[in-house]
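>>> the amino acid sequence is not available; the structure is as follows:
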């Protein structure tokens, strides 16, 4: 075959291949903008999601911060509950008060029934007041008959006190007696504990505590005392 003829056939063949390649390239180029656009959308969506994560708030439940009065009451109740009631003596009780940075005041009296010791405090922790303890007897025969304190009123004060009492004292749940803003539980065969939201009648003519009947109604009293057998 003539060399020129062979060369011509070869050039025609190469031209056909080039045209096919250009056509394929053109088709891919027409598709590529949408691909690029999609890639941009993906990138943009990804960056938005990252921004949302960085700007988003943590929805996890955070523990409630206790108010100063809650901290004070919890400190007192926890400290008192560390000593068994049958082992509570005046010396030990005054020591507990001093550990709480409270200044005890002690008054003793004697009657035909024996000696009674009343212990109160000169100062109070925030949101609490009127710590009052009564002991009867002397030396090894001394025992606590009454222990009470008050907690400042608030929207959930009764529930806050109830929760802290149950957390720290070995209440007998089956003994619960509840009536509106009053609840009582047995602690053992000799002692019970009760919580009450004070009303005007509770505060009038109180022999130990002074009250402002306009502002103090609603305060919570917690009392531990010997049962009357």
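That came in fine, so what should we check first? Note that the structure is predicted; figures quoted are calculated from it, not measured.

>>> adjacent strands (with direction) for the strand or helix carrying residue 223?
Taking DSSP states H and E as the criterion, residue 223 maps to strand 220-226. Here strand 220-226 is paired, per DSSP bridges, with strand 143-151 (antiparallel), strand 191-197 (antiparallel).

>>> off-centre distance for it?
23 Å (CA atoms, centre = their mean, to the nearest Å).

>>> and residue 73, its phi and psi?
The phi/psi pair for residue 73 (degrees, to the nearest 10) reads phi -60, psi -40.

>>> that one: neighbouring residues, count only.
Counted with other CB atoms under 10 Å, the neighbours of residue 73 add up to 27. Every residue, glycine included, has its C-beta placed from N, CA and C.

>>> all helices for this structure, in order.
Assigned by DSSP state H, the chain shows helices spanning 3-55, 68-81, 90-99, 157-168, 200-203.

>>> lowest average pLDDT across the ones you listed?
Ranked by mean pLDDT, the helices of the chain bottom out at helix 3-55, with a mean of 49.

>>> per-domain residue ranges of the chain.
According to the domain assignment given by automatic domain parsing, the chain is divided into the following structural domains: 1-48, 68-226.

>>> is it true that residue 147 touches residue 225?
Yes - counting by CB atoms under 8 Å, residue 225 is a contact partner of residue 147 at 7.3 Å.

>>> more neighbours, these two?
Shown here are residue 147 and residue 225; by other CB under 10 Å, residue 147 has more neighbours (21 against 17).

>>> identify the bridge partners of the more buried one.
Applying DSSP bridges, one finds that residue 147 bridges with residue 133, residue 224.

>>> how far away is it from residue 68?
In this structure, residue 147 lies at 22 Å from residue 68, with CB to CB, to the nearest Å as the measure.

>>> and if you look at residue 222?
Relative to residue 68, and taking CB to CB, residue 222 is found at 18 Å.

>>> more neighbours: those two, which one.
More neighbours surround residue 222 than the other of residue 222 and residue 68, with 23 against 12 (other CB under 10 Å).

>>> residues in contact with that one?
For residue 222, the contact set (CB atoms under 8 Å, 6 or more residues apart in numbering) comprises 77, 148, 149, 150, 151, 161, 165, 193, 194, 195.

>>> so which of those residues comes closest to residue 216?
Taking CB to CB as the measure, residue 216 lies nearest residue 150 of these, at 8.7 Å.

>>> now the strands paired with strand 220-226 as CSV including mean pLDDT?
Shown next, in CSV, are the strands paired with strand 220-226 (pLDDT from 0 to 100):
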stretch, mean pLDDT
strand 143-151, 97
strand 191-197, 98
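
>>> export those strands to a markdown table and tack on distance to residue 82?
Formatted as a markdown table, these follow (distance: least, CB to CB, whole Å):
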| stretch | distance to residue 82 |
| --- | --- |
| strand 143-151 | 13 |
| strand 191-197 | 15 |
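
>>> out of the ones you listed, nearest to residue 174?
Of these, nearest to residue 174 by CB to CB is strand 191-197, at 12.9 Å.

>>> okay, and the beta partners of the closest residue to residue 98 other than its chain neighbours?
Once flanking residues are discounted, residue 98 sits nearest to residue 104: 7.0 Å by CB to CB, 6 or more residues apart in numbering. Beta bridges link residue 104 to residue 121 when assigned by DSSP bridges.
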